[in-house]
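Student: Here is my input; please provide its structure:
(one chain, ligands or ions: 3)
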Amino acid sequence: MKKRIAILPGDGIGPEVCEAATTVLNEIGTMFQHQFEFVYGDLGGIAIDKTGNPLPKETLTICKNSDAVLLGAVGGPKWDTLPGEQRPEKGLLGLRKELGLFANLRPVTIYDALADSSPLKDEVIQGVDLVIVRELTGGLYFGEPRERRGEGKEELAVDTLVYSRKEIERIVRKGFEFAEIRGGTLTSVDKANVLESSRLWREVVDEVAKEYPNISYSHMLVDNAAMQLVRNPRQFDVIVTENMFGDILSDEASMITGSLGMLPSASLSEDGPGLFEPIHGSAPDIAGKGIANPLATLSSVAMMLTYAFSMTEEADVLSAAINDVLEAGHRTADLTSDERAVLSTTEMTNQVIQALTKKAVNS
Ligand SMILES: NC(=O)C1=CN([C@@H]2O[C@H](COP(=O)(O)OP(=O)(O)OC[C@H]3O[C@@H](n4cnc5c(N)ncnc54)[C@H](O)[C@@H]3O)[C@@H](O)[C@H]2O)C=CC1
Ligand SMILES: CC(C)CC(=O)C(=O)O
Ligand SMILES: [Mg+2]
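Tutor: Ligands and ions are numbered 1, 2, ... in the order given. Model prediction:
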(Lines give C-alpha, C1' and ligand atoms only; values in the text may rest on other atoms or scores of the structure.)
(Ligands and ions follow the chains in the order given, each with its own letter.)
Protein backbone atom coordinates (compact mmCIF):
# COMPACT_ATOMS: atom_id res chain seq x y z
CA MET A 1 0.00 0.00 0.00
CA LYS A 2 1.36 3.44 -0.92
CA LYS A 3 1.26 6.18 1.71
CA ARG A 4 2.45 9.75 1.41
CA ILE A 5 3.94 11.14 4.61
CA ALA A 6 4.83 14.80 5.13
CA ILE A 7 8.05 15.01 7.15
CA LEU A 8 8.64 18.25 9.06
CA PRO A 9 11.99 17.84 10.85
CA GLY A 10 11.96 21.37 12.33
CA ASP A 11 14.72 22.51 14.68
CA GLY A 12 17.24 21.26 17.24
CA ILE A 13 17.00 17.49 17.65
CA GLY A 14 13.95 17.42 15.33
CA PRO A 15 15.95 16.41 12.22
CA GLU A 16 17.88 13.78 14.24
CA VAL A 17 14.78 11.99 15.50
CA CYS A 18 12.98 12.34 12.14
CA GLU A 19 15.86 10.59 10.41
CA ALA A 20 15.43 7.72 12.86
CA ALA A 21 11.72 7.65 11.97
CA THR A 22 12.20 7.52 8.20
CA THR A 23 14.85 4.79 8.53
CA VAL A 24 12.45 2.68 10.57
CA LEU A 25 9.50 3.40 8.27
CA ASN A 26 11.59 2.23 5.31
CA GLU A 27 12.38 -0.98 7.15
CA ILE A 28 8.70 -1.55 7.94
CA GLY A 29 7.85 -0.79 4.32
CA THR A 30 10.25 -3.51 3.19
CA MET A 31 8.98 -6.00 5.78
CA PHE A 32 5.31 -5.52 4.97
CA GLN A 33 5.56 -4.46 1.32
CA HIS A 34 4.25 -0.94 1.82
CA GLN A 35 5.52 2.07 -0.03
CA PHE A 36 6.07 5.09 2.18
CA GLU A 37 6.74 8.23 0.18
CA PHE A 38 8.34 11.08 2.16
CA VAL A 39 7.70 14.70 1.23
CA TYR A 40 9.77 17.18 3.25
CA GLY A 41 8.60 20.58 4.47
CA ASP A 42 9.99 23.38 6.64
CA LEU A 43 8.33 24.38 9.88
CA GLY A 44 9.47 26.55 12.79
CA GLY A 45 12.86 28.19 13.06
CA ILE A 46 14.27 26.67 9.88
CA ALA A 47 11.27 27.99 7.96
CA ILE A 48 11.76 31.46 9.47
CA ASP A 49 15.41 31.41 8.36
CA LYS A 50 14.50 30.37 4.82
CA THR A 51 11.25 32.29 4.22
CA GLY A 52 10.61 34.63 7.15
CA ASN A 53 7.46 32.63 7.99
CA PRO A 54 7.31 29.80 10.61
CA LEU A 55 4.53 28.10 8.61
CA PRO A 56 5.12 28.66 4.89
CA LYS A 57 2.14 28.10 2.57
CA GLU A 58 4.04 25.37 0.77
CA THR A 59 4.44 23.39 4.02
CA LEU A 60 0.73 23.62 4.70
CA THR A 61 -0.05 22.41 1.17
CA ILE A 62 2.36 19.47 1.53
CA CYS A 63 0.65 18.48 4.81
CA LYS A 64 -2.88 18.82 3.45
CA ASN A 65 -1.94 16.62 0.46
CA SER A 66 -0.44 13.86 2.61
CA ASP A 67 -1.91 10.83 4.35
CA ALA A 68 -0.11 11.74 7.59
CA VAL A 69 2.36 14.27 8.99
CA LEU A 70 5.45 13.47 11.06
CA LEU A 71 6.97 16.31 13.06
CA GLY A 72 10.29 16.48 14.91
CA ALA A 73 10.16 19.64 17.04
CA VAL A 74 10.40 23.39 16.63
CA GLY A 75 12.02 26.27 18.46
CA GLY A 76 15.32 27.22 20.01
CA PRO A 77 17.28 30.11 21.54
CA LYS A 78 18.08 31.58 18.12
CA TRP A 79 14.43 32.62 17.70
CA ASP A 80 13.54 33.34 21.36
CA THR A 81 13.67 37.11 21.02
CA LEU A 82 11.26 37.29 18.07
CA PRO A 83 7.78 38.72 18.74
CA GLY A 84 5.22 36.04 19.68
CA GLU A 85 3.48 36.05 16.32
CA GLN A 86 6.73 35.33 14.47
CA ARG A 87 8.17 32.60 16.71
CA PRO A 88 8.74 28.99 15.55
CA GLU A 89 6.10 27.72 18.01
CA LYS A 90 3.53 29.91 16.26
CA GLY A 91 4.16 27.82 13.12
CA LEU A 92 3.27 24.62 14.96
CA LEU A 93 0.21 26.18 16.57
CA GLY A 94 -0.89 27.46 13.15
CA LEU A 95 -0.44 24.01 11.62
CA ARG A 96 -2.51 22.38 14.38
CA LYS A 97 -5.27 24.93 13.81
CA GLU A 98 -5.17 24.73 10.00
CA LEU A 99 -5.37 20.93 10.05
CA GLY A 100 -8.13 20.99 12.68
CA LEU A 101 -6.09 18.76 15.02
CA PHE A 102 -8.25 19.19 18.09
CA ALA A 103 -7.50 15.85 19.76
CA ASN A 104 -4.00 15.17 21.05
CA LEU A 105 -3.44 11.66 22.43
CA ARG A 106 -0.45 11.21 24.71
CA PRO A 107 -0.21 7.64 25.98
CA VAL A 108 1.97 6.93 29.00
CA THR A 109 3.22 3.37 28.67
CA ILE A 110 5.52 1.73 31.15
CA TYR A 111 8.34 -0.51 29.95
CA ASP A 112 9.32 -2.97 32.68
CA ALA A 113 12.94 -2.70 31.58
CA LEU A 114 12.95 1.02 32.36
CA ALA A 115 11.82 0.71 35.98
CA ASP A 116 15.25 1.93 37.10
CA SER A 117 15.18 4.93 34.77
CA SER A 118 12.20 6.56 36.45
CA PRO A 119 12.86 8.78 39.46
CA LEU A 120 9.69 7.27 40.96
CA LYS A 121 9.73 4.07 43.01
CA ASP A 122 9.06 0.79 41.27
CA GLU A 123 5.89 0.15 43.31
CA VAL A 124 4.50 3.54 42.21
CA ILE A 125 5.02 3.03 38.48
CA GLN A 126 4.26 -0.68 38.12
CA GLY A 127 1.09 -1.23 36.09
CA VAL A 128 0.68 2.38 34.95
CA ASP A 129 -1.16 2.56 31.62
CA LEU A 130 -2.84 5.88 30.99
CA VAL A 131 -3.56 8.24 28.16
CA ILE A 132 -3.88 11.99 28.26
CA VAL A 133 -6.48 13.28 25.80
CA ARG A 134 -5.52 16.92 25.42
CA GLU A 135 -7.60 19.58 23.65
CA LEU A 136 -5.20 21.04 21.08
CA THR A 137 -6.72 23.91 19.12
CA GLY A 138 -8.37 26.08 21.76
CA GLY A 139 -7.74 27.62 25.16
CA LEU A 140 -4.95 29.92 26.20
CA TYR A 141 -2.64 29.13 23.27
CA PHE A 142 -5.17 30.48 20.76
CA GLY A 143 -7.52 32.90 22.56
CA GLU A 144 -7.85 36.54 21.48
CA PRO A 145 -6.97 39.17 22.50
CA ARG A 146 -3.33 38.37 23.02
CA GLU A 147 -1.31 41.52 23.28
CA ARG A 148 0.94 43.95 25.11
CA ARG A 149 -0.46 47.34 26.06
CA GLY A 150 0.83 50.46 27.73
CA GLU A 151 4.33 51.38 28.80
CA GLY A 152 6.68 51.36 31.74
CA LYS A 153 5.14 50.20 35.01
CA GLU A 154 1.69 50.46 33.43
CA GLU A 155 2.60 47.93 30.73
CA LEU A 156 0.17 45.01 30.49
CA ALA A 157 0.34 41.61 28.83
CA VAL A 158 -2.88 39.80 27.95
CA ASP A 159 -3.58 36.17 27.04
CA THR A 160 -7.13 34.91 26.74
CA LEU A 161 -8.48 31.55 27.86
CA VAL A 162 -11.62 30.89 25.87
CA TYR A 163 -13.52 27.68 25.13
CA SER A 164 -16.83 27.19 23.37
CA ARG A 165 -19.28 24.50 24.42
CA LYS A 166 -18.77 22.89 20.98
CA GLU A 167 -14.99 22.70 21.39
CA ILE A 168 -15.34 21.15 24.83
CA GLU A 169 -17.98 18.67 23.71
CA ARG A 170 -15.94 17.16 20.88
CA ILE A 171 -12.80 16.58 22.95
CA VAL A 172 -14.74 15.27 25.95
CA ARG A 173 -16.57 12.86 23.64
CA LYS A 174 -13.16 11.65 22.39
CA GLY A 175 -12.14 11.09 26.00
CA PHE A 176 -15.24 8.99 26.70
CA GLU A 177 -14.77 7.07 23.42
CA PHE A 178 -11.23 6.15 24.45
CA ALA A 179 -12.39 5.14 27.92
CA GLU A 180 -14.99 2.91 26.26
CA ILE A 181 -12.44 1.31 23.89
CA ARG A 182 -10.02 0.72 26.77
CA GLY A 183 -12.78 -0.53 29.08
CA GLY A 184 -11.58 2.03 31.56
CA THR A 185 -12.47 5.18 33.45
CA LEU A 186 -12.28 8.89 32.67
CA THR A 187 -10.84 11.69 34.78
CA SER A 188 -11.63 15.19 33.59
CA VAL A 189 -9.03 17.67 34.79
CA ASP A 190 -9.88 21.36 35.19
CA LYS A 191 -9.60 24.35 37.50
CA ALA A 192 -13.32 24.82 38.10
CA ASN A 193 -12.76 26.34 41.54
CA VAL A 194 -11.27 29.41 39.84
CA LEU A 195 -11.83 29.52 36.08
CA GLU A 196 -15.13 30.21 34.33
CA SER A 197 -13.97 28.20 31.29
CA SER A 198 -13.42 25.22 33.59
CA ARG A 199 -16.91 25.55 35.05
CA LEU A 200 -18.34 25.33 31.52
CA TRP A 201 -15.95 22.40 30.89
CA ARG A 202 -17.34 20.56 33.95
CA GLU A 203 -20.95 21.18 32.92
CA VAL A 204 -20.26 19.78 29.45
CA VAL A 205 -18.49 16.71 30.86
CA ASP A 206 -21.54 15.96 33.04
CA GLU A 207 -23.83 16.29 30.00
CA VAL A 208 -21.70 14.19 27.63
CA ALA A 209 -21.31 11.56 30.37
CA LYS A 210 -25.03 10.74 30.01
CA GLU A 211 -24.23 9.29 26.56
CA TYR A 212 -21.75 6.89 28.19
CA PRO A 213 -23.63 5.42 31.18
CA ASN A 214 -21.17 2.51 31.44
CA ILE A 215 -18.12 4.70 31.89
CA SER A 216 -17.26 5.72 35.40
CA TYR A 217 -15.89 9.27 35.44
CA SER A 218 -14.79 11.93 37.88
CA HIS A 219 -13.58 15.53 37.98
CA MET A 220 -10.21 16.54 39.42
CA LEU A 221 -8.64 19.95 39.89
CA VAL A 222 -5.42 20.34 37.94
CA ASP A 223 -3.17 21.14 40.92
CA ASN A 224 -4.34 17.98 42.66
CA ALA A 225 -3.95 16.02 39.38
CA ALA A 226 -0.31 17.13 39.12
CA MET A 227 0.30 15.75 42.61
CA GLN A 228 -1.72 12.54 42.09
CA LEU A 229 0.27 11.71 38.93
CA VAL A 230 3.35 11.35 41.11
CA ARG A 231 1.66 9.93 44.23
CA ASN A 232 -0.40 7.23 42.53
CA PRO A 233 -0.44 7.34 38.70
CA ARG A 234 -2.13 3.89 38.55
CA GLN A 235 -5.45 5.50 39.55
CA PHE A 236 -5.69 7.12 36.08
CA ASP A 237 -6.87 5.55 32.85
CA VAL A 238 -8.04 8.26 30.44
CA ILE A 239 -7.40 11.87 31.44
CA VAL A 240 -9.23 14.48 29.37
CA THR A 241 -8.20 18.08 29.76
CA GLU A 242 -7.75 21.45 28.10
CA ASN A 243 -4.77 22.53 26.04
CA MET A 244 -2.31 23.99 28.54
CA PHE A 245 -3.08 21.63 31.41
CA GLY A 246 -2.54 18.68 29.05
CA ASP A 247 0.73 20.15 27.82
CA ILE A 248 2.11 20.50 31.33
CA LEU A 249 0.72 17.26 32.81
CA SER A 250 2.08 15.18 29.91
CA ASP A 251 5.66 16.39 30.40
CA GLU A 252 5.25 15.54 34.08
CA ALA A 253 3.78 12.12 33.26
CA SER A 254 6.68 11.32 30.94
CA MET A 255 8.93 10.89 33.96
CA ILE A 256 6.79 7.96 35.13
CA THR A 257 8.21 6.16 32.08
CA GLY A 258 11.77 7.33 32.75
CA SER A 259 12.29 10.15 30.24
CA LEU A 260 10.65 12.89 28.23
CA GLY A 261 12.37 11.16 25.30
CA MET A 262 9.92 8.23 25.57
CA LEU A 263 6.49 9.82 25.10
CA PRO A 264 4.80 9.85 21.66
CA SER A 265 1.70 11.65 20.53
CA ALA A 266 -0.97 11.62 17.85
CA SER A 267 -2.93 14.74 16.95
CA LEU A 268 -6.18 13.94 15.18
CA SER A 269 -8.85 15.93 13.34
CA GLU A 270 -12.41 15.03 12.34
CA ASP A 271 -11.37 13.74 8.91
CA GLY A 272 -8.04 15.13 7.57
CA PRO A 273 -4.47 13.86 7.96
CA GLY A 274 -3.22 13.29 11.51
CA LEU A 275 0.04 14.69 12.87
CA PHE A 276 2.42 12.50 14.83
CA GLU A 277 5.21 13.89 17.01
CA PRO A 278 7.16 13.19 20.17
CA ILE A 279 5.85 15.29 23.07
CA HIS A 280 9.29 16.76 23.72
CA GLY A 281 10.72 19.92 22.23
CA SER A 282 13.82 20.68 20.19
CA ALA A 283 16.18 20.08 23.16
CA PRO A 284 18.73 22.79 22.26
CA ASP A 285 21.01 21.58 25.08
CA ILE A 286 21.73 18.31 23.25
CA ALA A 287 21.00 19.26 19.63
CA GLY A 288 23.69 18.33 17.12
CA LYS A 289 25.37 15.89 19.51
CA GLY A 290 23.66 12.81 18.08
CA ILE A 291 22.53 11.63 21.52
CA ALA A 292 18.78 12.32 21.47
CA ASN A 293 16.51 9.45 22.37
CA PRO A 294 14.60 8.54 19.17
CA LEU A 295 12.07 6.25 20.90
CA ALA A 296 9.36 8.90 21.48
CA THR A 297 9.43 9.59 17.74
CA LEU A 298 9.52 5.89 16.83
CA SER A 299 6.51 5.29 19.10
CA SER A 300 4.84 8.22 17.33
CA VAL A 301 5.47 6.32 14.09
CA ALA A 302 3.69 3.33 15.68
CA MET A 303 0.76 5.64 16.46
CA MET A 304 0.81 6.84 12.82
CA LEU A 305 0.67 3.25 11.58
CA THR A 306 -2.33 2.63 13.83
CA TYR A 307 -4.34 5.83 13.55
CA ALA A 308 -3.49 7.08 10.05
CA PHE A 309 -3.05 3.81 8.16
CA SER A 310 -4.91 1.18 10.27
CA MET A 311 -1.72 -0.92 10.06
CA THR A 312 -2.13 -2.39 13.52
CA GLU A 313 0.07 -5.44 12.93
CA GLU A 314 2.91 -3.20 11.73
CA ALA A 315 2.42 -0.91 14.73
CA ASP A 316 2.45 -3.87 17.13
CA VAL A 317 5.65 -5.23 15.58
CA LEU A 318 7.35 -1.83 15.95
CA SER A 319 6.21 -1.41 19.56
CA ALA A 320 7.41 -4.94 20.33
CA ALA A 321 10.80 -4.15 18.72
CA ILE A 322 11.16 -1.06 20.94
CA ASN A 323 10.34 -3.20 23.97
CA ASP A 324 12.88 -5.86 22.90
CA VAL A 325 15.62 -3.25 22.55
CA LEU A 326 14.95 -1.90 26.04
CA GLU A 327 14.74 -5.43 27.48
CA ALA A 328 18.14 -6.14 25.92
CA GLY A 329 19.50 -3.24 28.00
CA HIS A 330 20.10 -0.66 25.26
CA ARG A 331 19.89 2.91 26.54
CA THR A 332 20.37 6.45 25.28
CA ALA A 333 21.92 8.95 27.72
CA ASP A 334 18.58 10.19 29.09
CA LEU A 335 17.71 6.67 30.28
CA THR A 336 20.80 5.74 32.27
CA SER A 337 23.56 7.16 34.42
CA ASP A 338 25.93 4.42 33.24
CA GLU A 339 28.04 6.29 30.68
CA ARG A 340 29.61 3.09 29.33
CA ALA A 341 26.20 1.79 28.30
CA VAL A 342 25.12 4.85 26.35
CA LEU A 343 24.01 4.59 22.72
CA SER A 344 23.82 7.41 20.19
CA THR A 345 20.58 8.21 18.35
CA THR A 346 21.79 6.26 15.33
CA GLU A 347 22.94 3.28 17.40
CA MET A 348 19.59 3.11 19.19
CA THR A 349 17.77 3.33 15.85
CA ASN A 350 19.94 0.53 14.46
CA GLN A 351 19.05 -1.61 17.47
CA VAL A 352 15.37 -1.12 16.68
CA ILE A 353 16.01 -2.03 13.03
CA GLN A 354 17.84 -5.18 14.12
CA ALA A 355 14.99 -6.12 16.46
CA LEU A 356 12.54 -5.60 13.57
CA THR A 357 14.68 -7.75 11.27
CA LYS A 358 14.73 -10.54 13.86
CA LYS A 359 10.94 -10.41 14.03
CA ALA A 360 10.73 -10.65 10.23
CA VAL A 361 13.00 -13.72 10.23
CA ASN A 362 11.01 -15.40 13.03
CA SER A 363 7.57 -14.76 11.55
N1 LIG B 1 6.31 20.16 19.83
C2 LIG B 1 7.33 21.02 19.82
O3 LIG B 1 7.88 21.31 18.78
C4 LIG B 1 7.80 21.58 21.10
C5 LIG B 1 8.76 22.57 21.06
N6 LIG B 1 9.28 23.07 22.22
C7 LIG B 1 10.35 24.05 22.06
O8 LIG B 1 11.60 23.39 22.28
C9 LIG B 1 12.55 24.33 22.78
C10 LIG B 1 13.25 23.78 24.01
O11 LIG B 1 12.30 23.65 25.04
P12 LIG B 1 12.62 22.96 26.45
O13 LIG B 1 11.80 23.63 27.45
O14 LIG B 1 14.09 22.87 26.64
O15 LIG B 1 11.98 21.48 26.31
P16 LIG B 1 12.55 20.19 25.58
O17 LIG B 1 11.44 19.20 25.59
O18 LIG B 1 13.14 20.53 24.28
O19 LIG B 1 13.74 19.66 26.52
C20 LIG B 1 13.59 19.51 27.94
C21 LIG B 1 14.72 18.60 28.46
O22 LIG B 1 14.47 17.26 28.01
C23 LIG B 1 15.57 16.79 27.25
N24 LIG B 1 15.04 16.02 26.11
C25 LIG B 1 13.98 16.34 25.34
N26 LIG B 1 13.82 15.44 24.37
C27 LIG B 1 14.80 14.53 24.51
C28 LIG B 1 15.15 13.34 23.80
N29 LIG B 1 14.46 12.92 22.74
N30 LIG B 1 16.23 12.65 24.22
C31 LIG B 1 16.93 13.05 25.28
N32 LIG B 1 16.64 14.16 26.01
C33 LIG B 1 15.57 14.88 25.62
C34 LIG B 1 16.32 18.03 26.77
O35 LIG B 1 17.66 17.74 26.49
C36 LIG B 1 16.09 18.99 27.93
O37 LIG B 1 17.05 18.79 28.92
C38 LIG B 1 11.78 25.61 23.04
O39 LIG B 1 12.00 26.48 21.98
C40 LIG B 1 10.33 25.17 23.07
O41 LIG B 1 9.42 26.16 22.71
C42 LIG B 1 8.91 22.58 23.45
C43 LIG B 1 7.97 21.59 23.53
C44 LIG B 1 7.29 21.06 22.38
C1 LIG C 1 3.40 24.92 20.79
C2 LIG C 1 4.18 23.88 21.53
C3 LIG C 1 5.60 24.34 21.73
C4 LIG C 1 3.48 23.53 22.82
C5 LIG C 1 4.00 22.29 23.49
O6 LIG C 1 4.86 22.36 24.35
C7 LIG C 1 3.45 21.00 23.16
O8 LIG C 1 2.55 20.88 22.35
O9 LIG C 1 3.93 20.00 23.75
MG1 LIG D 1 4.83 20.58 25.61
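Student: What separation is there between the residue of the stretch 101-250 of the chain found nearest ligand 1 and residue 222?
Tutor: Closest contact between the stretch 101-250 of the chain and ligand 1, by C-beta to the nearest ligand atom, is at residue 247 (8.0 Å). From N, CA and C alone the C-beta is placed, and that goes for glycine too. As defined by C-beta to C-beta, to the nearest Å, residue 247 lies at a distance of 11 Å from residue 222.
Student: Between these two, which has more neighbouring residues?
Tutor: Here residue 247 and residue 222 are set side by side on neighbour count (other C-beta atoms under 10 Å), and the busier one is residue 222, at 22 against 19.
Student: which residues touch that one?
Tutor: Counting by C-beta atoms under 8 Å, 6 or more residues apart in numbering, residue 222 makes contact with 189-191, 241, 245, 249.
Student: Skipping adjacent residues, who's closest to residue 218 in space?
Tutor: Leaving out its chain neighbours, the residue that sits closest to residue 218 by C-beta to C-beta, 6 or more residues apart in numbering is residue 187, at 5.6 Å.
Student: what's the answer for residue 287, then?
Tutor: What sits nearest to residue 287 in space, not counting adjacent residues and going by C-beta to C-beta, 6+ apart, is residue 12, at 3.9 Å.
Student: what about that neighbour, how many residues close to it?
Tutor: Around residue 12 there are 29 other residues, counting by other C-beta under 10 Å.
Student: Could you see whether ligand 2 lies near the strand ranked longest in the chain?
Tutor: Scanning the chain for the longest strand, with DSSP state E as the assignment, gives strand 2-10. No: contact of strand 2-10 with ligand 2 is not found when judged by C-beta under 6 Å from any ligand atom; the minimum separation is 10.4 Å.
Student: what is the mean pLDDT for the next helix-or-strand element following that strand?
Tutor: Downstream of strand 2-10, the next assigned helix or strand under DSSP states H and E is helix 14-32. Averaging pLDDT along helix 14-32 yields 98.
Student: Ok, stretch 292-304 next?
Tutor: Averaged across stretch 292-304, the pLDDT comes to 98.
Student: got it, and stretch 338-346?
Tutor: pLDDT averaged over stretch 338-346 equals 91, rounded to a whole number.
Student: does ligand 1 sit close to that stretch?
Tutor: No: Stretch 338-346 does not reach ligand 1 (C-beta under 6 Å from any ligand atom); its nearest approach is 8.2 Å.
Student: chain center to that stretch, what's the gap?
Tutor: In terms of C-alpha atoms, centre = their mean, to the nearest Å, the gap separating the centre of stretch 338-346 from the centre of its chain is 24 Å.
Student: Can you give me the first-to-last residue distance of it?
Tutor: In stretch 338-346, first residue to last residue: 18 Å (C-alpha to C-alpha, to the nearest Å).
Student: got it, and stretch 189-196?
Tutor: Distance between the boundary residues of stretch 189-196 (C-alpha to C-alpha) amounts to 14 Å.
Student: can you list contacts of that stretch?
Tutor: Defining contact as C-beta under 8 Å, 6+ apart, one finds that stretch 189-196 is touched by 161, 198-199, 201-202, 219-223, 225, 239-242, 245, 249.
Student: Please list only the buried members of these.
Tutor: Neighbour-count burial (16 or more other C-beta atoms under 10 Å) applied to those gives 161, 198, 201, 219-220, 222, 225, 239-242, 245, 249.
Student: okay if I get these as TSV plus pLDDT and distance to residue 142?
Tutor: Formatted as TSV, the entries for the buried ones among the contacts of stretch 189-196 read as follows, by pLDDT from 0 to 100; distance: C-beta to C-beta, whole Å:
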residue	pLDDT	distance to residue 142
161	98	10
198	98	17
201	99	16
219	99	24
220	99	24
222	99	19
225	99	22
239	98	21
240	99	18
241	99	16
242	98	11
245	98	15
249	98	19
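Student: Having no further points to raise, I will conclude here.
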